[in-house]
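Colleague: can't give you the sequence, but here's the structure:
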């Protein structure tokens with residue numbers, strides 16, 4: 001069959017480390033392509049449509065958009081499909097699948113920071129797929145920008161990752177994404193035209209077989225109450241029409257018939273309903289019940305499957321269970337095991353890097369992901385949807401090698417800190433079985449340390465790291481490999497302050513508890529027996545009565561009670577709560593509150609169980 005080059009089309013993804021300016025650059029491309037009306041007020045990072053993305057300042061879900069520009073050489077109007085990808089390795093499942101839709105990538109690198117750990121991760125995925133790369137050195141106006149050094153470091157990274165000769169001969173564009181300006185040299189021009197020209201010259205036009213039977217690979221899924229599942233992907237061959245009878249091929253080789261009820265392509269930020277689309281285009285189709293990511297939509301007369309998307313295995317897991325605290329049902333809308341199970345199994349249809357498994361307990365499910373952040377985002381999303389449940393402390397997923405050896409996941413840990421903090425950080429990571437691989441000074445006056453450490457040792461480390469570096473350190477981790485188990489890693493060095501009884505906290509009770517450690521709550525808060533209300537200074541847990549009231553004998557004592565001042569309690573975010581959890585604790589998650597609690601709420605029962613466990617170990 002004859003192959004056709006679609007010169008009217010380009011498909012590209014924008015990849016980078018977190019906060020190097022991907023989404024801001026997309027804003028500029030959209031504006032210069034006149035996607036918006038002139039008088040329309042546009043908020044920054046317009047593609048970060050999810051509330052969590054805007055709050056955290058990171059891209060979590062990949063987004064599709066498209067612009068049309070004229071090719072200056074041919075005057076032909078060219079449509080450019082753009083995919084904005086996450087920059088964090090915990091969302092690597094998103095990156096791995098959307099890169100299947102494109103023919104090339106824009107790699108953004110910060111002009112002062114240079115390539116970072118997640119730069120390595122996303123670039124490696126693009127190179128493995130054989131994509132053409134345009135390097136965009138962004139933020140060239142930064143005070144400490146060193147474009148020549150960053151370019152050298154980026155080239156070294158390409159070679160290190162095994163780029164082909166053609167891939168290593170990458171074109172370079174310099175930019176200030178916030179000002180929507182770019183240039184072929186660091187002396188940049190007034191707009192993004194140099195970047196547009198480079199995209200048209202360097203990103204290959206799709207070479208397709210229009211006359212071939214239909215083949216479309218599903219790389220994303222969305223759900224709509226009206227249309228049902230909407231499958232997003234690229235048409236690799238043939239064409240697709242609205243109302244057409246098709247089949248989709250599943251992972252277990254089943255052929256399921258269906259009809260295309262709705263067909264959309266992308267124009268600017270909107271989906272545009274179309275009657276038909278041809279090979280090379282990125283489209284969204286609705287009407288195929290039960291379709292999942294990785295399925296191939298094909299011609300019923302000649303069903304041919306495309307290679308399925310491969311995603312790296314999860315490294316961390318947590319148990320999700322029905323809330324069993326005394327406050328069950330007070331704050332959540334969805335709280336039964338049936339609702340929790342439905343929600344989690346629905347999530348794995350679109351979140352390819354996630355795994356959900358049943359356990360012996362019907363009220364508990366085991367959820368595995370690519371890292372703490374990957375699971376934390378799921379927890380926060382469910383919480384905002386009205387779900388009430390509890391989760392356990394994260395634990396690493398072990399594998400067994402062909403020789404029977406137990407293997408555990410290891411992370412590449414890159415830390416940027418002030419020289420004064422080197423000693424305490426190195427000591428802490430050594431205790432967590434971290435091995436120093438590289439240490440070098442940066443032009444910013446800080447020091448970059450690269451460690452290889454077991455994921456087990458990194459769980460719960462981030463909070464302590466920020467305390468050690470007084471909030472000035474930068475920590476990045478990315479999955480490296482599975483390797484033989486490292487030695488012992490010390491568990492949490494501080495115990496918990498646990499509420500002795502159910503009631504409402506008082507200033508008097510909390511004042512007595514202050515000397516024991518750091519409190520997480522203030523006065524007037526409802527607590528229950530077995531709930532964790534603070535962090536002990538010592539390694540063991542202590543039961544404290546934070547609801548204790550002072551017996552007042554006269555007005556003078558009453559006034560003194562009012563004047564007592566408490567230290568401001570430490571407000572715990574979701575990420576901090578997950579890091580703080582001990583093996584015998586749960587995090588109770590509701591739409592209104594996060595509460596850390598002991599698995600066994602009664603103190604006496606907890607002590608007996610603890611002794612029984614110790615006897616088992618000794619026996």
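Modeller: Cool, got the structure. Just so it is clear, the structure is predicted and the values come from calculations on it, not from any experiment. Numbers count the residues shown, from 1 in each chain.
Colleague: I'd guessed residue 111 sits against residue 138; true?
Modeller: Yes - using Cβ atoms under 8 Å, residue 111 is in contact with residue 138, at 6.4 Å. Heads up, the C-betas are built off the backbone N, CA and C, glycines and all.
Colleague: of those two, who's got more company?
Modeller: Each of residue 111 and residue 138 has its neighbours counted (other Cβ atoms under 10 Å); residue 138 has more, 28 against 24.
Colleague: For the more buried one, which non-adjacent residue is closest in space?
Modeller: What sits nearest to residue 138 in space, not counting adjacent residues and going by Cβ to Cβ, 6 or more residues apart in numbering, is residue 21, at 4.5 Å.
Colleague: Which residues outside stretch 162-172 are in contact with it?
Modeller: 107, 127, 130-137, 151, 155, 158-159, 184, 198, 201-202 (Cβ atoms under 8 Å, 6 or more residues apart in numbering).
Colleague: related to what we said a few turns ago, can you pull the contacts of the residue nearest to residue 138?
Modeller: Listed by Cβ under 8 Å, 6+ apart, the contact set of residue 21 reads 108, 110, 138, 139, 175, 177, 178.
Colleague: And for residue 289?
Modeller: Applying Cβ under 8 Å, 6+ apart, the residues contacting residue 289 are 228, 229, 258.
Colleague: For PyMOL, write the select line for the buried members of the residues you listed.
Modeller: A single PyMOL command is used to select the members of the contacts of residue 289 judged buried by 16 or more other Cβ atoms under 10 Å:
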select buried, resi 229+258
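Colleague: quick one, strands of the stretch 101-250 of the chain?
Modeller: Using DSSP state E, counting those that start in this stretch, the strands of the stretch 101-250 of the chain run over residues 104-110, 132-138, 172-176, 181-183, 207-208, 215-224, 228-237, 239-241, 245-249.
Colleague: Which elements pack onto the shortest one?
Modeller: Same thing as strand 207-208. The elements that strand 207-208 packs onto, with contact taken as 3 or more Cβ pairs under 8 Å, 6 or more residues apart in numbering; DSSP states H and E, are strand 4-5, strand 228-237.
Colleague: what does the helix ranked longest in the chain contact?
Modeller: For the chain, the helix with the greatest residue count under DSSP state H is helix 603-618. Outside helix 603-618, the residues that touch it by Cβ under 8 Å, 6+ apart are 498, 500, 529, 530, 543, 584, 598, 600.
Colleague: at 10 Å what do you get?
Modeller: Residues outside helix 603-618 that contact it (Cβ atoms under 10 Å, 6 or more residues apart in numbering): 498, 500, 529, 530, 541, 543, 584, 598, 599, 600, 602.
Colleague: quick one: buried residues of that helix?
Modeller: residue 606.
Colleague: from the chain's centre, how far out does it sit?
Modeller: 38 Å (Cα atoms, centre = their mean, to the nearest Å).
Colleague: any idea of the mean pLDDT for it?
Modeller: Across helix 603-618, pLDDT averages out at 82.
Colleague: Can you get me a residue count around residue 12?
Modeller: Neighbours around residue 12, by other Cβ under 10 Å: 23.
Colleague: Same question for residue 447.
Modeller: Residue 447 sits with 18 neighbouring residues when counted by other Cβ under 10 Å.
Colleague: next one: residue 159
Modeller: When neighbours are counted by other Cβ under 10 Å, residue 159 registers 9.
Colleague: do residue 381 as well
Modeller: 17.
Colleague: How about residue 361?
Modeller: 11.
Colleague: what's the helix or strand for it?
Modeller: Counting by DSSP states H and E, there is no helix or strand that carries residue 361.
Colleague: Local confidence estimate at the closest residue to it other than its chain neighbours?
Modeller: Among residues not flanking residue 361 along the chain, residue 321 sits closest, at 7.3 Å (Cβ to Cβ, 6+ apart). Looking at residue 321, its pLDDT stands at 97.
Colleague: got a list of what residue 321 touches?
Modeller: Applying Cβ under 10 Å, 6+ apart, the residues near residue 321 are 337, 340, 359, 361-366, 389-392, 586.
Colleague: List only buried entries from those residues.
Modeller: Among the contacts of residue 321, the ones that count as buried by 16+ other Cβ under 10 Å are 337, 340, 363, 364, 365, 366, 389, 390, 391, 392, 586.
Colleague: Contacts only, for the first one.
Modeller: I take that to be residue 337. 320, 321, 322, 361, 362, 363, 364, 365, 389.
Colleague: The second one too?
Modeller: With contacts defined as Cβ under 10 Å, 6+ apart, residue 340 is in contact with 320, 321, 322, 323, 334, 363, 364, 365, 382, 387, 388, 389.
Colleague: ditto for residue 516
Modeller: Counted by Cβ under 10 Å, 6+ apart, residue 516 has contacts 495, 497, 534, 535, 536, 537, 538, 542, 544.
Colleague: Out of those residues, which is nearest to residue 101?
Modeller: Nearest to residue 101, judged by Cβ to Cβ, of those is residue 535 at 46.3 Å.
Colleague: Spatially nearest residue to residue 224, not counting backbone neighbours?
Modeller: Distances taken as Cβ to Cβ, 6+ apart place residue 230 nearest to residue 224, at 5.9 Å, with adjacent residues excluded.
Colleague: Dig out what the one you found forms beta bridges with.
Modeller: Beta-bridge pairing of residue 230 under DSSP bridges involves residue 222, residue 286.
Colleague: Please look at it and residue 221 and confirm they touch.
Modeller: Yes - look at residue 230 against residue 221 with Cβ atoms under 10 Å: they come within range, at 7.0 Å.
Colleague: Do a quick rundown of the helices in the stretch 51-200 of the chain.
Modeller: For the stretch 51-200 of the chain, helices defined by DSSP state H, counting those that start in this stretch occupy the ranges 51-56, 92-98, 117-128, 147-160, 165-168, 193-202.
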